[in-house]
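> heads up, no residue letters with this:
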């Protein structure tokens with residue numbers, strides 16, 4: 001799973017302006033339903049510019065996870081764009 005999130009992060013940094021990092025949280029006993037990946041942006045302007053592409057990135061995450069044998073039933077629940085960092 002970590003390699004899928006890392007791959008997503010690398011793609012995002014190459015294709016989207018302002019991507020700082022991707023990070024995730026989950027509850028092991030409720031995995032994969034509890035997986036939440038956050039794509040952090042540097043500024044509100046960059047975040048707003050990227051929002052129309054959110055569904056496309058959710059599909060990419062779902063595809064990367066599927067390659068690892070993990071099925072995300074509702075891909076829209078597992079990736080969000082944010083300004084928050086893991087420390088917030």
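Now that the structure is in, tell me what you want to look at. Just so you know, these numbers come straight off a predicted model, no measurement behind them.

> please give the element, helix or strand, for residue 20.
Using DSSP states H and E, residue 20 sits in strand 19-25.

> so which elements touch that strand?
For strand 19-25, the elements it packs on are helix 2-15, strand 36-41, judged by 3 or more CB pairs under 8 Å, 6 or more residues apart in numbering; DSSP states H and E. The way it works is simple: take the backbone N, C-alpha and C, and place the C-beta from them, glycine included.

> which other helices and strands contact the longest one?
Applying 3+ CB pairs under 8 Å, 6+ apart, one finds that helix 2-15 makes contact with strand 19-25, strand 36-41, helix 54-67.

> cutoff 6 Å now
Here helix 2-15 touches strand 19-25, helix 54-67, going by 3 or more CB pairs under 6 Å, 6 or more residues apart in numbering; DSSP states H and E.

> highest mean neighbour count out of the helices and strands packed on strand 19-25?
Sort those by mean neighbour count, taking mean count of other CB atoms under 10 Å, and strand 36-41 sits at the top with a mean of 21.

> which one of the helices and strands packed on strand 19-25 lies closest to residue 67?
In terms of CB to CB, the element of the helices and strands packed on strand 19-25 nearest to residue 67 is helix 2-15, at 7.2 Å.
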